[in-house]
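Engineer: quick one: sequence and predicted model below, then my questions.
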Amino acid sequence: MGLLDNYKTRVNSSIGSSLKEYVKDQVRTNLDIFLEKSQYGMDVIIDGKQERIGIMTGSMTDIRDEVLVLSKPDVLKMGTLFEWEDEFWVVVKREARVIKESFYGTAYRCNVDLKWVDKNGNLISQKAYAKGRGMGSILVENKYTDPPIMSRDVDTPITVITQRNLELEQDMRFLFNGQPYRVTFIDNLSIDGTTILGMYDDILHDGDDVVNNVADYAKYNYTIELKFEPDVILKVGEPFIVT
């Protein structure tokens, strides 16, 4: 048996037939150690389940509106909402990976609640991050570069980003601290897993619940069924009056 054959035998016997899988396992193990023992390892809640991720700010006492997050690839993704120390955060950017087999990105602290009544009369509430006039615009991901870069501004008085929800639609109204806004721009495609809403100031309606920040918005489709006895015969150009 030659030297090459001896090497292959040692490799296969020590780490199995897949070198790639062995390397992945080692990386995952190192990431586990980082999340468990590093000062940046934090317990968060995602969909009611406790998960361990890395959260990095300028310093551990400098809690800002934006943090870097690191996790195993199946824990965080674009648009993930997670709860950390009684506050909610939404993942809005994907950065170049510093550790392979991981998710590395940016999360914004949620500062508004999107509240609306659905077509079944249920009150829905979803955490979101909003930026308004004078605070800059949210940058939208250009997915056609590798790695993706943030390259386009959403130019509206207030921009809201949240976990993707296809029930959010054009002309919906929301109240933030008693101020009504109307959705004039909606984007479910630019950033995977998210919904971006552009909003303009609106006026208060009589049905707005300012105390609970629930705007008067309802968009229903109605069907009216009329029954006639005897059968009605309609003729082109002739009016028909229903009483």
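Structural biologist: On my side now, so go ahead. Numbering: from 1, shown residues only.

Engineer: Glu66 and Thr106 touch, don't they?
Structural biologist: Yes - between Glu66 and Thr106 there is a contact at 6.1 Å, judged by Cβ atoms under 8 Å. In short, each C-beta sits where N, CA and C put it, glycine included.

Engineer: neighbour count: the two, which is higher?
Structural biologist: Thr106 (16 against 13; other Cβ atoms under 10 Å).

Engineer: and the more buried one, that one's in a strand?
Structural biologist: Yes - counting by DSSP: H, G, I helix; E, B strand; the rest coil, Thr106 falls inside a strand.

Engineer: just list whatever residues bridge to it.
Structural biologist: Taking DSSP bridges as the rule, Thr106 bridges to Leu68, Lys93.

Engineer: who are the contact partners of it?
Structural biologist: Residues counted as contacts of Thr106 (Cβ atoms under 8 Å, 6 or more residues apart in numbering) are Glu66, Val67, Leu68, Val69, Val91, Val92, Lys93, Glu95.

Engineer: just the buried ones from the residues you listed?
Structural biologist: Among those, those classed as buried by 16 or more other Cβ atoms under 10 Å are Val67, Leu68, Val69, Val91, Val92, Lys93.

Engineer: pLDDT and distance to Glu229 added to these, as TSV?
Structural biologist: Below are the buried ones among the contacts of Thr106 laid out as TSV (pLDDT from 0 to 100; distance: Cβ to Cβ, whole Å):
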residue	pLDDT	distance to Glu229
Val67	90	69
Leu68	89	71
Val69	92	67
Val91	95	61
Val92	91	60
Lys93	87	65
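
Engineer: any idea which helix or strand in this structure has the lowest mean pLDDT?
Structural biologist: Of all helical and strand segments in the chain, the minimum by mean pLDDT, DSSP states H and E falls on strand 139-142, at a mean of 43.

Engineer: how about the strands in the protein?
Structural biologist: Applying DSSP state E to the chain gives strands spanning 41-46, 49-56, 66-71, 81-84, 87-94, 103-109, 112-117, 123-131, 139-142, 149-153, 158-163, 173-176, 179-187, 194-201.

Engineer: lowest mean pLDDT across those strands, which one is that?
Structural biologist: Among the strands of the chain, strand 139-142 has the lowest mean pLDDT, at a mean of 43.

Engineer: middle-most residue in the protein, spatially?
Structural biologist: Gln163 (2.2 Å; Cα atoms, centre = their mean).

Engineer: any idea what it is bridged to?
Structural biologist: In this structure, Gln163 bridges to Thr194 when assessed by DSSP bridges.

Engineer: thanks a lot, see you next time.
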